Structures are given as C-alpha cells and as structure tokens.
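S.K.: Got a sequence here, can you model it:
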Amino acid sequence: MPQRETVVVHGYREFLRACAKAEPDTRKTVRDALRKVGAVVREDATRRFSAIDTGSAHGFKTRVRQRGVAVEQSIRKTTGNRPDYGSLQMRRGLLPAMVENANDTVRAMEHAVDEIADHFERRP
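M.R.: Here you go, the predicted structure:
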C-alpha cells in the first residue's frame, strides 16, 4: 500500500523497462526528464532543512530508479550520536516538501512525459 505522501504513476515501471532497451541517448533523455520531476521537492526540502543543518540539506539528491523518482539523502551517516536524525530530516524537510508540492510534482511528471514523447517523435 503506497504511503499518502506518494504520487503514483501507473505504468512507470513498465515504461522504464522498455526504455532500458532503447539507445543510450534516449535512456539519458528519459532519466534527465524524470530527474527534473523531483527537483521541486528537493529544492523545497533543502530550503526547509537548511535552518537545521545546511550540510545535510545540501545532501538531498534526486534519484531515478525502477520503482520511481525519489528525493533522498546522499550523505552517509557520520557519527551515530543522533539516532533520530534520519527521521528528523523526513519530518522537517522531505515529507512537508512532498505534501506541499504534490500538485507541482504531478504537473512536472506530465511535462516530463510530454518531453519524452517529443523525443520519441523526433527520432527517425
């Protein structure tokens, strides 16, 4: 069952599997277009969490995976002195950014799909 903060796109996994068989420039175009989808959430999460820790806030990266587009922390855990730090990043940065930008994320996904379709239409 998807979390309430998840935007579900039906057919995404099958689409990425089909793109895996495409040429490298097509795969790159698809991944770049999908990476832009998470940019709105990543930027907002970075802004929200910068007041707490700018280093961790700038570690938020957008990843395109088979299961979806995700915004996650790319910096490894360093001390272990704060066992709740991951949940703090989720509660104060990532989840509020996702909820606040859900409509923008849907629009960005629609735009990315249009951009990808245009790329396929231009191909000989």
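S.K.: Could you list the low-pLDDT ranges of this protein?
M.R.: Flagging of the chain using pLDDT under 70 yields the residue ranges 1-5, 123-124.
S.K.: For it, just list every one of the strands.
M.R.: 60-65, 68-73 (DSSP state E).
S.K.: So which of these has the densest surroundings on average?
M.R.: strand 68-73 (a mean of 19; mean count of other Cβ atoms under 10 Å). Just so you know, the C-beta spots here come from the backbone N, C-alpha and C atoms, and that holds for glycine as well.
S.K.: Give the partner strands of that one in its sheet and their orientations.
M.R.: Sheet partners assigned to strand 68-73 using DSSP bridges are listed as strand 60-65 (antiparallel).
S.K.: Can you give me the distance of R47 to F15?
M.R.: Computed as Cβ to Cβ, to the nearest Å, the R47 to F15 distance reads 31 Å.
S.K.: Any idea how far stretch 81-101 is from the middle of the chain?
M.R.: From the chain centre to the centre of stretch 81-101 is a distance of 15 Å (Cα atoms, centre = their mean, to the nearest Å).
S.K.: which other residues reach that stretch?
M.R.: With Cβ atoms under 8 Å, 6 or more residues apart in numbering as the test, stretch 81-101 has contacts from 5, 40-42, 44-46, 48-49, 52, 56-57, 60, 71-73, 77, 105.
S.K.: show me where the chain has helices.
M.R.: 12-19, 24-37, 39-49, 54-57, 85-89, 95-100, 102-122 (DSSP state H).
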